[in-house]
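The following block contains a protein sequence and its predicted model.
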Amino acid sequence: GENVEQHPSTLSVQEGDSAVIKCTYSDSASNYFPWYKQELGKRPQLIIDIRSNVGEKKDQRIAVTLNKTAKHFSLHITETQPEDSAVYFCAADTDKLIFGTGTRLQVFP
Amino acid sequence: EAGVAQSPRYKIIEKRQSVAFWCNPISGHATLYWYQQILGQGPKLLIQFQNNGVVDDSQLPKDRFSAERLKGVDSTLKIQPAKLEDSAVYLCASSLVAGNTEAFFGQGTRLTVV
């Protein structure tokens, strides 16, 4: 079955710097790759997603890239702000939605 | 639009007791997921329904966990008997269809087994 690996597990950046989180997946049939943000004690919420027919997608300060050949995808956050501090999860979807292990991002003012 | 509803929000039980969680997905969503999220880990898929049929339950410990989605709407997840290692947040999510669409999560049920 699908396996999703996510790195790093923790990431600390200074406010204004960029943050990059990387994920790899195992099932080449995966065709949908969402990213979720989970604040402490809250539910995961979608922040951006990408489909297999697209290589890159951008939404303001957030971008996601997908390399289907290498089976990896990445989340890029530019101009980080303290409110970006949270746990971020990548996921891969064939006919079931499998999550990575999460990255705890801390943005220091 | 109403979100995914879950109850209870919190539950504390002793080991070997039984417990049930309830989920009401977003209206019209055919796909329903149950995830187990242990503190500090990513959500682990326990079971996925498409309408009232099971798509995947390969990670569901079937000797103690059971789930049903009668009439393809609400769902219940049961644990009987509970073990200490079942302490986690149980998240329900739903999406319009399986694959290629956003999954919306409920607030979760935090289970503590003592």
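Okay, I see it.

which residues of chain A fall in helices?
Counting by DSSP state H, one finds no helices in chain A.

Residues of it that sit close to chain B?
Counting by C-beta under 8 Å from any C-beta of the partner chain, the residues of chain A close to chain B are A:1, A:6, A:31-32, A:34, A:42-46, A:49, A:51, A:89, A:93-102. The C-beta positions use only the backbone N, C-alpha and C, and glycine is treated the same way.

Let's see the helix or strand of chain B with the lowest mean pLDDT as PDB, backbone CA atoms only.
Least confident helix or strand, chain B: strand B:53-56 with a mean of 92, by mean pLDDT, DSSP states H and E. Extracted C-alpha coordinates of strand B:53-56, given in PDB (Å, rounded to 0.1, in the frame of the first residue of the first chain):
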ATOM      1  CA  GLY B  53     -19.400   0.100   1.600                       C
ATOM      2  CA  VAL B  54     -15.800  -0.300   3.000                       C
ATOM      3  CA  VAL B  55     -13.100   0.800   0.600                       C
ATOM      4  CA  ASP B  56     -10.200   0.000   2.900                       C
END
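
In the sheet, which strands lie alongside it, parallel or antiparallel?
strand B:44-50 (antiparallel) (DSSP bridges).

can you list the residues that contact the partner strand?
The contact list for strand B:44-50 (C-beta atoms under 8 Å, 6 or more residues apart in numbering or on different chains) reads A:96-99, B:30-38, B:54-57, B:59-60, B:65, B:67, B:69, B:72, B:75, B:77, B:98.

list the buried ones in stretch A:71-80?
A:H72, A:F73, A:S74, A:L75, A:H76, A:I77, A:T80 (16 or more other C-beta atoms under 10 Å in any protein chain shown).

Out of the residues of chain A next to chain B, which end up buried?
A:6, A:31-32, A:34, A:43-44, A:49, A:89, A:93-102.

Which ones among those residues lie within strands?
Judged by DSSP state E, the subset of those located in strands is A:Q6, A:Y32, A:P34, A:D49, A:F89, A:D93, A:L97, A:I98, A:F99.

Centroid-nearest residue for chain B?
Nearest to the geometric centre of chain B sits B:W34, at 3.0 Å (C-alpha atoms, centre = their mean).

quick one: contacts for A:I77?
So A:I77 contacts A:S18, A:A19, A:V20, A:R61, A:I62, A:D84, A:L105 (C-beta under 8 Å, 6+ apart).

In contact with the fourth one, which residues are there?
Residues in contact with A:R61 (C-beta under 8 Å, 6+ apart) are A:I77, A:T78, A:E79, A:T80.

Give me the distance between it and chain B.
Separation of A:R61 from chain B (C-beta to the nearest C-beta, to the nearest Å): 20 Å.

Could you check how far the closest residue to that residue other than its chain neighbours is from B:S58?
Spatial nearest neighbour of A:R61, chain neighbours left out: A:T78 (5.0 Å); criterion: C-beta to C-beta, 6 or more residues apart in numbering or on different chains. Look at A:T78 and B:S58: by C-beta to C-beta, to the nearest Å, they are 38 Å apart.

Who are the contact partners of the nearest residue to B:I26 once chain neighbours are set aside?
Distances taken as C-beta to C-beta, 6+ apart put B:S94 closest to B:I26, at 5.2 Å, once the chain neighbours are dropped. Counting by C-beta under 8 Å, 6+ apart, B:S94 touches B:V4, B:P25, B:I26, B:H29, B:T31, B:L32, B:Y33, B:A103, B:F104.
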